[in-house]
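Novice: here is the input, now give the coordinates:
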Amino acid sequence: MATTAPSDAALLAAGDPGAFDRLYRRHAEDLLGFFARRTHDPELAADLTAETFAAALGARRRYKPASGVPAAWLFGIAMHKLADAQRRGYAEERARKRLGMERLELDDEDFARIEALADGGGATALLELLSPDQRDAIRAHVIDERDYDEIARSLATSESVVRQRVSRGLAAVRRRMGT
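Specialist: Numbers count the residues shown, from 1 in each chain. Below you'll find the predicted structure:
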């Protein structure tokens, strides 16, 4: 007798990394395509897909089945990420140039590693190896979906410092992952 695959709602409710990984695998390509069609920028599409799943992972306990199907919930998060990216795009490009930082170029291996980040445990363990400043900045921006300026105000520091902490923290995570 064939077993039925668990629903997206059941995967979200399960609360374990393996279940979230299955949800990720079901929807990652759709989200990546969604972002790629709207941004015409593969790297930004990959970044936004990763940010969407990071936010969903952090918010999965707050998902309520009565509010709609999980795919719609994910795409709602995706729409917010896209709007945020469009608002901050110009400011981030200026900040990146001011700080002398180059945009990260992704290849097929990087896309595969993004999938690995959806396991939850591995990414969390890597974050714990960062300095508290970098770890907190990444959690606030990527997981809690807070804007750089909001984070900077709460920490009584500049937006550039917060951007630098996020950028350096993510670079350290990539190095530890072997990218």
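Novice: strands of this protein, start to end?
Specialist: Taking DSSP state E, the chain contains no strands at all.
Novice: list the helices and strands the helix ranked longest in it packs on?
Specialist: If you go by DSSP state H, the chain has its longest helix at helix 70-99. Contacts defined by 3 or more CB pairs under 8 Å, 6 or more residues apart in numbering; DSSP states H and E place helix 70-99 against helix 8-14, helix 17-39, helix 42-59, helix 159-177. From N, CA and C alone the C-beta is placed, and that goes for glycine too.
Novice: change it to 6 Å
Specialist: helix 8-14, helix 42-59 (3 or more CB pairs under 6 Å, 6 or more residues apart in numbering; DSSP states H and E).
Novice: could you count how many residues lie near residue 54?
Specialist: Using other CB atoms under 10 Å, residue 54 has 23 neighbouring residues.
Novice: quick one: contacts for it?
Specialist: By CB atoms under 6 Å, 6 or more residues apart in numbering, the contact set of residue 54 is 142, 143.
Novice: measure it to residue 145 for me?
Specialist: Distance check for residue 54 against residue 145: by CB to CB, to the nearest Å, it reads 9 Å.
Novice: just give me the residue closest to the centre of the chain.
Specialist: Centroid-nearest residue in the chain, with CA atoms, centre = their mean: residue 51, separated by 1.7 Å.
Novice: so that one sits against residue 78, correct?
Specialist: No. Between residue 51 and residue 78 there is no contact under CB atoms under 6 Å: 9.0 Å.
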